[in-house]
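[1] Fold the stuff below for me.
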Amino acid sequence: MLWDADALNLLAINAQKRQNRIITPHPGEAARLLGVKTGDVERDRLHAAQSLAARYGGVMVLKGAGTIIASEQGEMAFADVGNVGMASGGMGDVLSGIIASMMGQQLALFDAACAGCVAHGAARAACWQQIYSSCCGSLLIQR
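    Sure thing, here's the model as predicted:
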């Protein structure tokens, strides 16, 4: 399963550790999950991703500039794809859908998260070249 958005707010209130999920917080959501300030997450994104994986289990996709994918088993990846235009409405929903589709193809959770992040970033980069910064999640899907 994949948890994002309001599911993360609920998880911050009722913390549960599970191995069968991918969690996709942006830095503000990660801060709520860890009980710290957003600046603390941004200062050490690698540590934040590792802490999230240790606390909640499964696989973490810490979104933002230099998305970090981390698993409870210690697997780590850095998705250096995309651009500043990724911080727009609906882009996280598109990422969640891409990762979920990878999960549906029976990829392991860590592999699904990595493949989904790369595909999402590559699609956004292609959209950026065609229409510059005006691409939001719904336009990305259409392209």
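[2] any low-confidence regions in the protein?
    82-89, 125-143 (pLDDT under 70).
[3] Go again with 80.
    Scanning the chain for pLDDT under 80 picks out the ranges 82-90, 123-143.
[4] So which residues of it form helices?
    Taking DSSP state H, the helices of the chain run over residues 6-13, 27-34, 38-43, 45-56, 91-104, 109-131, 137-142.
[5] what's in contact with the first one?
    What that stands for is helix 6-13. When contacts are defined by CB atoms under 8 Å, 6 or more residues apart in numbering, helix 6-13 is touched by residues 3, 23, 25, 29, 32, 33, 56. Where you see a C-beta, it was placed from the backbone N, CA and C, and this is true even at glycine.
[6] now the third one
    By CB under 8 Å, 6+ apart, the residues outside helix 38-43 that reach it are 27, 28, 30, 31, 34, 48, 62, 64.
[7] farthest-separated two in those residues?
    The largest separation in the contacts of helix 38-43, counting by CB to CB, is between 34 and 64 at 14.4 Å.
[8] From residue 123, how far off is the nearest residue to residue 19 once chain neighbours are set aside?
    Closest residue to residue 19 apart from its sequence neighbours, by CB to CB, 6 or more residues apart in numbering: residue 57 at 4.9 Å. The gap separating residue 57 from residue 123 is 29 Å, by CB to CB, to the nearest Å.
[9] Same check on residue 3?
    22 Å.
[10] If we go by neighbour counts, what in stretch 114-122 is buried?
    114, 115, 116, 117, 118, 119, 120, 121 (16 or more other CB atoms under 10 Å).
[11] Kindly apply the preceding question to stretch 69-82 instead.
    69, 70, 71, 72, 75, 77, 79, 81, 82.
[12] next one: it to chain centre, how far?
    Distance of stretch 69-82 from its chain centroid, counting by CA atoms, centre = their mean, to the nearest Å, is 10 Å.
[13] same question, stretch 6-18
    Using CA atoms, centre = their mean, the offset of stretch 6-18 from its chain centre is 15 Å.
[14] next one: stretch 16-36
    For stretch 16-36 - counting by CA atoms, centre = their mean - the centre lies 10 Å from the chain centre.
[15] Relative to residue 29, how far out is the residue nearest to residue 52 when sequence neighbours are not counted?
    Of all residues not flanking residue 52 in the chain, residue 60 sits nearest, at 4.4 Å (CB to CB, 6+ apart). According to CB to CB, residue 60 and residue 29 sit 11 Å apart.
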